[in-house]
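K.L.:
just the structure for this:
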Amino acid sequence: MCMPKSNPPIRLIKLPNYCVDCNIEWSYEAKTFDLGTTTYTPDFYLPKTDEYIEIKGYFSDNSKIKINIFKTLYPDIKFKILLCKDLEALGLLHGGIKL
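P.N.:
The predicted structure is shown next:
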């Protein structure tokens with residue numbers, strides 16, 4: 001695991017800074033989706049591409065279940081999960097922060 005689940009800087013600092021550097025409009029936790037017995041709020045929304053982004057360094061069983069339900073109930077919504085390898089490729093891990 002390259003990012004503990006309690007580590008917010010990747011979500012709250014690094015990806016937004018990357019988006020600003022690349023002139024990508026974004027919103028943090030822009031919408032909460034009803035999943036029936038629970039809700040799900042993706043980390044980011046990119047309005048230009050109408051796409052939701054979830055950042056996962058740790059994938060708990062509960063997270064997997066919620067995301068599977070979300071994808072089943074909302075199949076037409078663009079949704080992408082960024083894992084550690086994706087964040088590393090963008091230079092957002094291990095000192096590669098863009099400030």
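K.L.:
list the buried residues for the longest helix that the chain contains?
P.N.:
Among the segments of the chain that qualify as a helix by DSSP state H, the longest is helix 61-73. Within helix 61-73, the residues that count as buried by 16 or more other C-beta atoms under 10 Å are 66-67, 69-70. Using the backbone N, CA and C atoms, a C-beta is placed for each residue, glycine as well.
K.L.:
send the alpha carbons of that helix over as CSV?
P.N.:
Provided in CSV are the C-alpha atoms of helix 61-73 (Å, rounded to 0.1, in the frame of the first residue of the first chain):
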residue,chain,number,x,y,z
ASP,A,61,-14.1,-4.2,1.2
ASN,A,62,-16.7,-1.6,1.9
SER,A,63,-15.3,0.8,-0.7
LYS,A,64,-15.3,-2.0,-3.3
ILE,A,65,-19.0,-2.8,-2.6
LYS,A,66,-20.0,0.9,-2.7
ILE,A,67,-18.2,1.5,-6.0
ASN,A,68,-19.7,-1.7,-7.6
ILE,A,69,-23.2,-0.6,-6.5
PHE,A,70,-22.5,2.9,-7.9
LYS,A,71,-21.3,1.6,-11.2
THR,A,72,-24.4,-0.7,-11.4
LEU,A,73,-26.9,2.0,-10.5
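K.L.:
doesn't residue 49 make contact with residue 78?
P.N.:
Yes: under the criterion of C-beta atoms under 8 Å, residue 78 makes contact with residue 49 at 6.7 Å.
K.L.:
mind checking the SS state of residue 57?
P.N.:
Recorded secondary structure, residue 57: coil (DSSP: H, G, I helix; E, B strand; the rest coil).
K.L.:
does it touch residue 86 like I think?
P.N.:
No: contact criterion C-beta under 8 Å: residue 57 and residue 86 do not qualify, at 10.6 Å.
K.L.:
can you pull out the helices in this protein?
P.N.:
9, 15-21, 61-73, 84-89.
K.L.:
to residue 33, which of those helices lies closest?
P.N.:
Closest to residue 33 of the helices of the chain is helix 61-73 (C-beta to C-beta; 6.0 Å).
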